[in-house]
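Chemist: just coords:
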């Protein structure tokens, strides 16, 4: 009997101290936003409510909050987090079981889907990688991490440019794959 934004704040963003991760930014938060570009004909509106698309993302955040989120997802020393991470990092659907998988390969080949994460299985020097891309209102973002290596990367750009973004995600994946275990 609670809204998704309220549950998210109660169970995730609040306990992790992610005070700037919201669906409806305050005036102070709006004043700190980057201006988004790349939508033909105009600058993107920098501060719109995304509560109506909350189930598919739409969160505004900061680099500091995303570092908190990555640290949580890479937590090896917090036994209280392990059950939640085991659920959210577990593979739920493998690509080979799907009749079609379209639109999942923008940031690397999707081998499986975890809870909100696109998964690349280990191959050669690459560990298992969990990733999520996003974009809205003139912004594109990407989060990628390797739980077994304890490393991750968060990228946010204020321009819609899929060619540029493909290069950024490829570079981020290579960086995560090349870093030694933490």
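Modeler: Good, I have the coordinates. Remember, it's a predicted structure, so these values are computed and weren't measured experimentally. Residues are numbered from 1 along each chain as shown.

Chemist: for this structure, which helix is longest?
Modeler: The residue-count maximum for a helix in the chain (DSSP state H) belongs to helix 162-178.

Chemist: So which elements touch it?
Modeler: Packing contacts for helix 162-178, counted by 3 or more Cβ pairs under 8 Å, 6 or more residues apart in numbering; DSSP states H and E, involve strand 129-136, strand 139-146, strand 151-157. Using the backbone N, CA and C atoms, a C-beta is placed for each residue, glycine as well.

Chemist: okay if I get the ones you listed as CSV plus distance to residue 18?
Modeler: Converted to CSV, the helices and strands packed on helix 162-178 look like this (distance: least, Cβ to Cβ, whole Å):
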stretch, distance to residue 18
strand 129-136, 15
strand 139-146, 13
strand 151-157, 13
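
Chemist: Could you list the low-confidence segments of the chain?
Modeler: Scanning the chain for pLDDT under 70 picks out the ranges 38-46, 182.

Chemist: how about the helices in the protein?
Modeler: Under the criterion DSSP H, the chain contains helices at 4-8, 27-31, 63-73, 82-89, 162-178.

Chemist: Include mean neighbour count and distance to residue 127 when you put the ones you listed into a markdown table, please.
Modeler: Output for those, formatted as a markdown table (neighbours: other Cβ atoms under 10 Å; distance: least, Cβ to Cβ, whole Å):
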| stretch | mean neighbour count | distance to residue 127 |
| --- | --- | --- |
| helix 4-8 | 13 | 28 |
| helix 27-31 | 11 | 35 |
| helix 63-73 | 17 | 14 |
| helix 82-89 | 13 | 12 |
| helix 162-178 | 15 | 7 |
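
Chemist: I'm done for today, thanks for sticking with me.
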